[in-house]
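**Q** predicted model, plus sequence, below.
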Amino acid sequence: MNYLELVNEVLSELDTPTVATLSGATGMTKRAMRWVNRIIFDIFNRSNDWSFREADSFLNTVAGVDTYSLPFEWTDMDSLKSVTLPSTNTPLHYVDYEDLDRSRSGMPVCYSVFKEQLILSPIPNSVVTLRYVFQLKPKNLVLDTDFPYIPEKWHYVIVDGAVYRAKLFLNDEDFRDQQALYEQGIKLMQAHKRDHLGRETGMQMEAGYYEDNW
């Protein structure tokens, strides 16, 4: 469901007339729009391992350049899950920024993240294509046709959560039952999520890594 359809589902559950567009919305429709977005953010924050939070992209390095801007969808170190050389499916190892050796050039084997930028080591001495996997931030829905990152099979959970927020706001005595329904949906989502292949603790380089490998 798109944003308009989600809001109309919420309005229908509240026995409130649906709308043809969200543009210029007022009253209960405007509140329903806000509740839908808040529930989407709540669902995102329930787990760092939702598969729908994962996205990937490719980066072509430049010879002599070790620092690259990162996508706007994420802003912190934990959002970057992995960096690999897709030509050989070889993972680059994560190193804390303070421990990154930035004095060598060659094929990158390590990376770090600092101030929303990806830093490679050694400094690339040729054009190399890298694949990086990162976590998306929840998208604030604005337009009628905006679609959440959450898969459609779980959109009923968004609706249940927004209806819960509505009933809480309206002091509806059924709000606790609606809350339980929403939490049941969250538990079902968690039961179906797959393990997220992220940056494991074991990928941290030990002190002698550079000396042993370069």
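**A** Here it is on my side, so go on.
**Q** list the contacts of residue 69.
**A** Listed by Cβ atoms under 8 Å, 6 or more residues apart in numbering, the contact partners of residue 69 are 116-118. Heads up, the C-betas are built off the backbone N, CA and C, glycines and all.
**Q** any idea how far the residue most central in space within the chain lies from residue 109?
**A** Nearest to the geometric centre of the chain sits residue 136, at 2.3 Å (Cα atoms, centre = their mean). Look at residue 136 and residue 109: by Cβ to Cβ, to the nearest Å, they are 27 Å apart.
**Q** same question for residue 82.
**A** Counting by Cβ to Cβ, the gap from residue 82 to residue 109 is 14 Å.
**Q** likewise for residue 135?
**A** Taking Cβ to Cβ, one finds residue 135 at 23 Å from residue 109.
**Q** cool, and residue 123?
**A** Taking Cβ to Cβ, one finds residue 123 at 12 Å from residue 109.
**Q** which stretches of this protein form helices?
**A** All helices of the chain, identified by DSSP state H, fall at 3-13, 27-45, 155-169, 175-192, 209-213.
**Q** for residue 18, which non-adjacent residue is closest in space?
**A** Nearest-residue entry for residue 18: residue 8, 4.1 Å, with adjacent residues in sequence omitted and distances by Cβ to Cβ, 6 or more residues apart in numbering.
**Q** where does the closest residue to residue 154 other than its chain neighbours land on pLDDT?
**A** Nearest residue to residue 154, sequence neighbours excluded (Cβ to Cβ, 6+ apart): residue 189, at 5.6 Å. Residue 189 is assigned 93 on the pLDDT scale.
**Q** ok, residue 189 - contacts?
**A** By Cβ under 8 Å, 6+ apart, residue 189 lies in contact with 43, 46, 50, 154, 157.
**Q** make it 10 Å
**A** By Cβ atoms under 10 Å, 6 or more residues apart in numbering, the contact list for residue 189 reads 43, 46-47, 50, 52, 150-151, 153-154, 157.
**Q** and if you look at residue 167?
**A** 13-14, 173-179.
**Q** returning to what we had before: where among the helices of the chain is average confidence lowest?
**A** When I compare the helices of the chain, helix 209-213 is least confident, with a mean of 38.
**Q** picking up where we left off before, what count of nearby residues applies to the residue nearest to residue 18?
**A** Residues lying near residue 8 (other Cβ atoms under 10 Å) number 21.
**Q** my read: it touches residue 28, true?
**A** No: Residue 8 is beyond contact range of residue 28, at 11.6 Å (criterion: Cβ atoms under 10 Å).
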